[in-house]
Structure formats: C-alpha cells, structure tokens
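Visitor: next comes the sequence, and after it the predicted model I'd like to discuss.
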Amino acid sequence: MTFKQMFTSSVGKKLVMGFTGLFLVLFLIVHVGLNACIWANDGGEMFNKGAHFMGANWVPRLLEVGLFAGLILHIIQGLMVEFSNRSKRAIKYDVAFGNRGSKWYSRSMGLLGILILIFLISHLAHFWIPNRSAQGFVGLEGEIDLYTKMKDTFTGDSWQVMVTILVYVVGCIALGFHLAHGVQSACRTFGLSNPKWIAVVSALGYAYAIIVPLMFALMPLSFHFGWID
Amino acid sequence: MEHQNINLKLKVWRQKNSTDKGGFETYDVKNISQEMSFLEMFDVLNEELIAEDKDPIAFDHDCREGICGMCSMYINGRPHGPWEANTTCQLHMRAFSEGETIVVEPWRANAFPIIKDLMVDRTAFDRIIQAGGYISVNTGNAVDANALPIEKAKADASFAAAACIGCGACVAACKNSSAMLFLSAKAAHLNLLPQGQPERKTRVMNMVAQMDKEGFGACTNTGACEAVCPKEISITNIARLNLDYTCAGLVSDK
C-alpha cells in the first residue's frame, strides 16, 4: 500500500481529519490562553504583550503557516468526506433513525464545521487581516493595538456589533459540539481501543469542548457588557 | 402475557426489480396474533396477496432464529425494528399495538442495490470477506486445540467479534452507509488470535480497499451501527482496525 493509497482510502482520510483536528485543538489551547489575558483587566497591557510575542516573532509566524495549512486541509478534506459520505445513499429513508442510535452533533460535523467556518471568516476579517495587512503580511513591525480593536469590535449597541457578537457566540457553540464529537472520534480513528483510555479521552474531550468554547464566547460578551475595560 | 390479536396498517416499499423506481404501498393486516414473529405476519399477508392473485412481497429470510443474517427490514426507522440486540425474524408482534402503522423499508445504501421489494444484494460483504477475512492453514490433521495458548480476554473479544452474522444492519443504520463495523468485526476476530497474525497486515489493507471499491462510506464514529447490531458488536473493533490499518500502511514495503 503506497502512502497515496493509504491517505486516499476511507480510513486514511479520517486519519488526516483526526491529525489536523488534534493539531487545531492544540492551537486553541494557545489561543484561548493568550486571549484570556484580557481578563487581567489592565487596559490590555498583558494581552498586547502576548499578541506582540505571537505577531512580531518569526517562530510563531512560521508556525502560523503550518496552522493555516492544517486548517485548510481539515476544511477541504472534511467537506470532501462529508459530500462523499452523503452520496453513498442515493435514496433516503422515509423514516429517519435520528437520535435513537447516535448523537445529533455526531451526525452534524459537516454542518457544525460550516458554522465554525462562517465565524472563522468573520473573525479573520476582524483581527487577523487588519493586523497582518498593517505589517505588510510578511513583516514583523507595525502591529495594530489588538486590545483596542477587540474593544471597538464588541462595544456599542449598533446592529453591526450585535450581529458580530451573535456570529461569535453561535460559532463558539458550534465549536463546542464539534469538539464534543471530534476529540474522542479522532482518538478512535488513531486506534484507541482500550476502554479505560477511551473513558479518559471522552471525559477530557467533553471538558475541553465545554471550557474552551465557553471562554472564547465570554470574550466578546465581556467587552460588550463592560465587565472589562 | 395475555394472548391478543391486533389489526395493523403496513406501509411497505414495493419495487419490481433493480431498475424500477419503486414506491410505498399500504396494506391492512387483520387479526394478527401478537405471538407471531414479524416475518410470520408477512407470511400471512403474502398468503392473502397470493389468494388475491397479487404479487407477494419479496423479503430475505432463512434460519428465522437470528443466526443466518438474511433478514433485513428497516422497520419504523430502525434496522431490525424496535428491540435491542434482535434480528427481524426474532421480532415479535407484541412489540406493536392495535391500530399502529408500521413503515417497512429495505436497507438503503448504494452498495446494497435493491433486487426486489425488501430484498437487497449484499454480495459486497462476501467480496470484502474474500479480500482478507480468512486465514491460510496447511491441510492435514487439525492441531490440538490446547497446543496454542490464547489469552482468555483476547479469545472472548475475538469470539464477540466473530458473532457478526453479516446482516448489514450497521450499513443500513449508518448515515454514511459505512461498512466499518462489519469489516472490523471480520478482521478483529482473526487479528486477535495467533492464527490471524501472518496475514494481519495484508488482511486489513485488502479488506479496506475492497470496502472502498464497493462504494461504502467512511466511518465517522457516530455509533449508530453499534446501537442496532443484533449481535452487539462493539465499535471498539473499528478502533482496532484503524490502528492495524495505520500500522500496516506505515510499514508495508510498497
């Protein structure tokens, strides 16, 4: 079996989904950790130091290239697997099996992924693109004040702000359900069959799926409701 | 339980042949003993249809005791009907109540084309087994059963996987029409035993390649297959297969 045969087989495609997914899970830990600095409530001093470290340093900037590669691979492969799987039953059932045998979010990874993608596009347009364009995309100098940018994005009562907050909160909820299935599913795809470890991984997966998206969702809300300034 | 006869409405998928478009037809079945099996109820209905000079409903069945894997009805949105760890032939009419409408559909998957009515072609499963679901042994006298010690836990896990009757309920229940529960059970029952080791890597590689060729979907670990399996095959077998496949793919020469 060549590597090509391996990674284009149904099992191999899931391996790609699992590895890229787990990589993104690791990225979110870094992201949520750095962003949590906004709650230092020091006018963004600590947060901007963290943002500066990530944005004006070659190491995280190179890792960022890998991050985008993993992300794009996860999205494209995910959509391809989803469409391929959907095409395997040309005539649908009259009565659906529904929630009797599986969780709705386990069956809706494609839909949840698309919701996260919508959020992601909006999120990149708010922060990453303005910041990198100020740096000329390849440069390290000239970052914008991301804390102020965050504050401006989420403060106020205009409909634009409301829509933005809605997109962020819905994106975070979708992320939570996506992870609730994704973490343990990825581990099964890697071949984890030991019941003790499946229990550990499932528990960790659920905890991660609740804590991380909840922290992310609280960030726009913290600015909007003036819990921090 | 008190004996009762019930009247039911059956909404059944009728399709003349593999190229016919097909559609649902509704039948009233009267005076059905609740002690009948689901297939016996179909026998009664078919007798009536024959008496009326109509085409009886074609459905697969053989042993009618839950071990052959032939019966394959998707009843009220669930393969093999409402009972847990049960085949259609073992489903009894006491699972239903007076006046109920029961929707009966064939297994739906592109890899299981409909032959007629509720009968589907499951030879794709045979070809997956032919691709690697075997061991090669020298002929001659059988080796003494105790000559090769096998860990009890592994023997049990292998036996549990070997309980798969190949009915296809896993494919029918899966949103992706994936055959991974079937395939992994057939691979695990050999891979867990010493006799299965020589062909372990080629087995999983060839079986997965054949599964993909047959047009089954990819597994997304939703667990719907495990929930309907009449033999309660665990999805742990799928994880075992994933690991075997990955290892085989990484170390194979070509």
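Guide: Here it is on my side, so go on. Numbering: from 1, shown residues only, chains lettered A, B, ... in the order given.
Visitor: give me the neighbour count for residue 57.
Guide: Unless you meant another one, I'm taking chain A. Residue A:57 has 12 neighbours, counted by other C-beta atoms under 10 Å in any protein chain shown. C-beta here means a position set from N, CA and C on the backbone, and glycine is covered the same way.
Visitor: was after chain B, sorry
Guide: Per other C-beta under 10 Å, the neighbour tally for residue B:57 reads 21.
Visitor: show me the contacts for it.
Guide: Going by C-beta atoms under 8 Å, 6 or more residues apart in numbering or on different chains, residue B:57 touches B:12, B:14, B:42, B:45-46, B:49, B:117-118.
Visitor: of those, closest to residue A:26?
Guide: Distance to residue A:26 across the contacts of residue B:57 (C-beta to C-beta) is lowest for residue B:118, with 48.6 Å.
Visitor: what about the nearest residue to the closest one once chain neighbours are set aside, which helix or strand?
Guide: Counting by C-beta to C-beta, 6 or more residues apart in numbering or on different chains, residue B:59 is the residue found nearest to residue B:118 once chain neighbours are left out, at 4.2 Å. In this structure, residue B:59 sits in neither a helix nor a strand according to DSSP states H and E.
Visitor: need phi/psi at residue B:59.
Guide: phi -150, psi 150 (degrees, to the nearest 10).
Visitor: distance of it from residue B:120?
Guide: According to C-beta to C-beta, to the nearest Å, residue B:59 stands 10 Å off from residue B:120.
Visitor: mutual contacts of the two, please.
Guide: Residues touching both residue B:59 and residue B:120 by C-beta under 8 Å, 6+ apart: residue B:72.
Visitor: what's around residue A:128, how many residues?
Guide: Residue A:128 has 15 neighbouring residues, counting by other C-beta under 10 Å.
Visitor: surely it is within a helix?
Guide: Yes. Assigned with DSSP: H, G, I helix; E, B strand; the rest coil, residue A:128 falls within a helix.
Visitor: ok, it - contacts?
Guide: By C-beta under 8 Å, 6+ apart, no residues touch residue A:128.
Visitor: so for it, what's the pLDDT?
Guide: We have a pLDDT of 94 for residue A:128.
Visitor: if you count neighbours, what's buried in stretch A:82-101?
Guide: A:82, A:85, A:88-89, A:93, A:97, A:101 (16 or more other C-beta atoms under 10 Å in any protein chain shown).
Visitor: just send those residues back as a markdown table, with distance to chain B too.
Guide: Below are these laid out as a markdown table (distance: C-beta to the nearest C-beta, whole Å):
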| residue | distance to chain B |
| --- | --- |
| A:82 | 9 |
| A:85 | 4 |
| A:88 | 4 |
| A:89 | 5 |
| A:93 | 6 |
| A:97 | 5 |
| A:101 | 3 |
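Visitor: can you flag which of the residues you listed belong to helices?
Guide: Among these, the ones falling in helices (DSSP state H) are A:82, A:85.
Visitor: how about the helices in chain A?
Guide: A:3-8, A:10-35, A:45-55, A:58-86, A:104-107, A:109-123, A:129-134, A:146-154, A:159-189, A:195-224.
Visitor: could I get the ones you listed as TSV with distance to residue B:99?
Guide: Compiled in TSV, the helices of chain A are given as follows (distance: least, C-beta to C-beta, whole Å):
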stretch	distance to residue B:99
helix A:3-8	52
helix A:10-35	44
helix A:45-55	65
helix A:58-86	36
helix A:104-107	30
helix A:109-123	37
helix A:129-134	62
helix A:146-154	57
helix A:159-189	39
helix A:195-224	42
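Visitor: mind telling me which residue of chain B is nearest chain A?
Guide: residue B:243 (2.5 Å; C-beta to the nearest C-beta).
Visitor: what helix or strand does that residue sit in?
Guide: helix B:236-251.
Visitor: can you give me the angle that helix makes with helix A:10-35?
Guide: Helix B:236-251 runs at 90 degrees relative to helix A:10-35, counting by axes from the mean of the first three to the mean of the last three C-alpha atoms, to 10 degrees.
Visitor: only the buried residues of helix B:236-251, if you could.
Guide: Buried residues in helix B:236-251, counting neighbours by 16+ other C-beta under 10 Å, are found at B:236-246, B:248-249.
Visitor: swap in stretch B:201-219?
Guide: Neighbour counts over stretch B:201-219 (16+ other C-beta under 10 Å) mark B:201, B:203-212, B:214-219 as buried.
Visitor: count of neighbours near residue 71?
Guide: Let's take chain A. Other residues near residue A:71 come to 16 when the count uses other C-beta under 10 Å.
Visitor: I was thinking of chain B, sorry if that wasn't clear
Guide: The number of residues near residue B:71, taken as other C-beta under 10 Å, comes to 27.
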